Structures are given as structure tokens and as C-alpha cells.
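>>> no sequence on this one, just coordinates:
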Ligand SMILES: [Zn+2]
């Protein structure tokens with residue numbers, strides 16, 4: 001029988017996947033179009049991307065549901081498809097594992113706006129949207145829910161509560177930090193540092209504290225964040241940094257750290273105590289394959 005995710009990471013670290021957005025673009029999704037709708041219209045393309053990660057050695061996959069809340073889907077006139085898009089996301093990730101034991105992590109990204117008084121959305125609208133998405137992901141059989149790329153505690157809190165209330169077997173909160181201009185530290189766009197995020201997540205029922213994406217958060221900075229999280233909380237820690245620093249190429253932001261460069265940060269991340277490692281923007285199945293190799297060597301040496 002398959003262990004629960006939280007039990008599995010007590011035994012050894014797990015490998016997550018790499019980027020989805022950039023992979024969807026590579027498979028033909030046009031900028032600004034709805035990648036989550038592909039769960040219904042182009043499921044074989046989503047499956048091929050996720051199979052690529054499984055073949056590279058991922059133990060966990062994030063569902064292709066980052067923008068799968070009603071508020072996000074509504075921008076593409078898919079608000080009526082919330083349950084179908086999210087359920088299909090879970091089904092495709094599960095299928096990508098085939099016979100392999102793997103963990104499907106239902107992905108909830110930001111709702112994409114600001115709440116009153118700064119923006120147009122009420123707290124109730126966001127709570128309902130996250131609740132609906134979380135329930136669809138749990139009902140479809142997710143092993144965990146991740147509330148990711150978060151910058152404000154208000155929105156993070158609504159996501160964590162939604163995941164808990166939906167009955168998620170494991171709840172992960174993941175912050176996007178930006179390195180400060182002077183390079184001395186990092187915090188989210190809304191000014192939240194890892195210590196405050198960790199304490200907040202613990203209070204709001206998260207099982208795992210995480211970081212992903214952000215600006216300037218490469219493997220070294222992710223290691224710093226893992227160390228700071230571990231000092232601030234006893235909860236397990238997950239890290240999904242981007243493939244290096246952002247660069248502007250043809251007016252587009254790209255992350256182009258190679259697998260060989262990025263993999264140097266894997267063992268330091270494990271030694272810092274990360275329980276789940278993956279990649280965010282710019283990371284590919286080749287990066288994940290390199291991570292797998294490094295993790296296997298490390299696990300074998302520390303058995
Ligand atoms: Zn990212």
C-alpha cells in the first residue's frame with residue numbers, strides 16, 4: 001500500500017517536478033491563453049509533459065491547475081468548468097505515474113488580483129473560489145494541496161483554510177520571495193519574510209512550508225530560505241526555485257540555468273533539510289533528471 005506523503009518524507013526526501021507553464025508554451029500554448037483548459041481540450045499534451053517528469057524521476061507532480069480557480073478561469077470564459085478542469089488535472093497527473101508510486105499535488109496558484117480595499121475582489125469571493133477549487137482537487141483524489149506563489153498572508157490564509165476544509169490529506173503553503181535590491185535578504189512583494197510566513201502557516205494548519213519562484217531566488221537563496229524555515233518551524237520544508245536568475249531576452253523574462261549548473265545546489269538543499277525539492281520557472285525534465293541522479297547518490301551515501 002502507498003504511504004501517505006507526510007509519512008514518505010519522514011523516511012527520505014522526495015523529488016517534485018519542474019516548470020509547467022514554460023513547458024506548455026513549448027508545446028504550443030500561446031502567451032495569455034488558458035493553459036488549464038488544456039486539461040480538457042489537449043489532455044494528451046499535458047500528459048506528455050508530466051510523463052516527461054515521471055520518466056526523469058519525479059516522485060511528485062503538481063497538477064496543471066495553477067490558474068484553476070473560478071476567478072482565474074473566468075478571465076478565459078471557463079468559469080463553468082472549475083470542477084472539470086481540476087478533476088482532469090488530477091486524473092492526468094495520476095495517469096502520468098502509470099504503475100509507479102507517485103504523489104499528485106493539487107496546485108492552487110494566486111487568484112490573480114487584489115482584495116478590497118486595494119482591489120476589486122471581496123474576501124468572500126476569494127474564499128469561495130479557493131474552496132471550490134480545493135474541493136474539486138481533493139474529490140478527484142489529490143494526495144496533497146499546494147497553495148503556491150503566494151505573497152500575502154491574507155490570501156495564503158484563505159487558501160490554507162480552503163484546503164483544510166476540503167479535507168486535503170496534506171496541505172502545503174508556498175511563498176514567492178524576491179531578493180532585495182541590496183541583495184542582503186529576501187521577502188515577498190508584500191513584505192513577508194520566511195520566519196513570519198512559517199509561523200503563520202503553522203498557525204493556519206499547513207503540514208509543509210515551502211517556497212517557489214520569486215525573483216533572484218536561485219538554488220543558493222532557496223537553501224538560505226530552507227535554513228531560515230527550519231529555524232522557525234518544526235514542519236517539513238519544500239523548495240522549488242527557478243532555474244537561476246531572470247534575464248530579459250527579446251522583451252521576455254527567461255530563466256536559463258542549465259541542469260549542470262542548477263544540480264550543484266541539490267545536495268546543499270538536502271543537507272539544509274529540504275524534504276521535497278523541485279524546480280519552478282525555466283526548469284525542465286533534464287533538470288529533474290540531474291536532480292534525481294544527485295538525490296539518489298546522496299540518499300545511497302547516507303543510508
Ligand atoms: Zn516560477
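Okay, I see it. These numbers come from a predicted model, not from an experiment.
>>> Next, find the distance separating the residue nearest to the spatial centre of the chain from residue 10.
The chain has residue 148 as the residue nearest its centroid, 5.2 Å off, counting by C-alpha atoms, centre = their mean. For residue 148, the distance to residue 10 equals 22 Å [C-beta to C-beta, to the nearest Å]. C-beta here means a position set from N, CA and C on the backbone, and glycine is covered the same way.
>>> ditto for residue 75
The value you get for residue 75 to residue 10, if C-beta to C-beta is used, is 40 Å.
>>> of the two, who's got more company?
residue 75 (13 against 10; other C-beta atoms under 10 Å).
>>> Quick check: phi and psi at the closest residue to that one other than its chain neighbours.
Excluding its sequence neighbours, the residue lying closest to residue 75 (C-beta to C-beta, 6 or more residues apart in numbering) is residue 112, at 7.4 Å. When read as degrees, to the nearest 10, the backbone of residue 112 gives phi 90, psi 20.
>>> quick one: is whichever strand or helix holds the residue nearest to the centre of the chain near the ion?
Using DSSP states H and E, residue 148 falls within strand 144-150. No: Strand 144-150 lies out of reach of the ion by C-beta under 5 Å from the ion, never closer than 6.7 Å.
>>> now for the helix or strand that that strand is followed by, which elements pack on it?
For strand 144-150, the following helix or strand on the C-terminal side (DSSP H and E) is helix 153-165. Under the contact criterion of 3 or more C-beta pairs under 8 Å, 6 or more residues apart in numbering; DSSP states H and E, helix 153-165 touches strand 103-108, helix 123-139, strand 144-150, strand 171-175, helix 194-203.
>>> Save those as a markdown table, and put in mean pLDDT too.
Output for these, formatted as a markdown table (pLDDT from 0 to 100):
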| stretch | mean pLDDT |
| --- | --- |
| strand 103-108 | 98 |
| helix 123-139 | 98 |
| strand 144-150 | 98 |
| strand 171-175 | 98 |
| helix 194-203 | 98 |
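>>> Of those, give the one that comes closest to residue 289.
Comparison of the helices and strands packed on helix 153-165 against residue 289 by C-beta to C-beta identifies strand 103-108 as nearest, at 18.5 Å.
>>> Please enumerate the strands of the stretch 151-300 of the chain.
Under the criterion DSSP state E, counting those that start in this stretch, the stretch 151-300 of the chain contains strands at 171-175, 178-179, 186-187, 208-212, 237-240, 246-249, 252-255, 274-277.
>>> can you list these in CSV and add distance to residue 22 and mean neighbour count?
Formatted as CSV, the strands of the stretch 151-300 of the chain follow (distance: least, C-beta to C-beta, whole Å; neighbours: other C-beta atoms under 10 Å):
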stretch, distance to residue 22, mean neighbour count
strand 171-175, 18, 29
strand 178-179, 19, 17
strand 186-187, 22, 20
strand 208-212, 14, 28
strand 237-240, 13, 28
strand 246-249, 12, 12
strand 252-255, 8, 14
strand 274-277, 18, 25
